[in-house]
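Participant: Pasted the sequence and its predicted model underneath.
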Amino acid sequence: MTDAPIILLPAAARRVSVIAEKQGVPAILRLSVEGGGCSGFQYKFGLADAIEPDDTVAEEQGVRLAVDAISLDLVRGSAVDFVESLGGKHFEVKNPNAASGCGCGTSFSV
């Protein structure tokens, strides 16, 4: 998708900014990958208080996306977006490394 290790798309940056402002916390979205989910791995999103030393960071509109070194191996080259559709609103990882995924879009296999 890109030569950057990971990118944060504008829609996701805007959504994080709104959430962080309402909660009075830094505009840092953390993406991690955990074992589990119906396809083997699942994405986990949360707001972070700080950037950790081993994080890879992408920035868009003053919002930072932090990914730890282990998770980065599974999402390298991905883009994080925020999608609003009839099915609801959610953060989405466009992962070129995923061999397959589930219908809900939160888990994948490599």
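Facilitator: Cool, got the structure.
Participant: For residue 21, give me its contacts.
Facilitator: Residue 21 makes contacts with residue 27, as judged by C-beta atoms under 8 Å, 6 or more residues apart in numbering. For every residue, glycine as well, the C-beta is placed using N, CA and C.
Participant: could you point out which element follows the helix or strand hosting it?
Facilitator: In this structure, residue 21 sits in helix 10-23 according to DSSP states H and E. Proceeding C-terminally, helix 10-23 gives way to strand 28-35 as the next helix or strand, assigned by DSSP H and E.
Participant: Please name every helix or strand in contact with that next one.
Facilitator: Counting contacts by 3 or more C-beta pairs under 8 Å, 6 or more residues apart in numbering; DSSP states H and E, strand 28-35 is packed against helix 10-23, strand 41-47, strand 63-67, helix 69-75.
Participant: Burial check on residue 45, number of neighbours?
Facilitator: Here the number of neighbours of residue 45 (other C-beta atoms under 10 Å) works out to 16.
Participant: Leaving out chain neighbours, which residue sits closest to it?
Facilitator: Of all residues beyond its chain neighbours, the one nearest residue 45 is residue 91 (5.1 Å), with distances taken as C-beta to C-beta, 6 or more residues apart in numbering.
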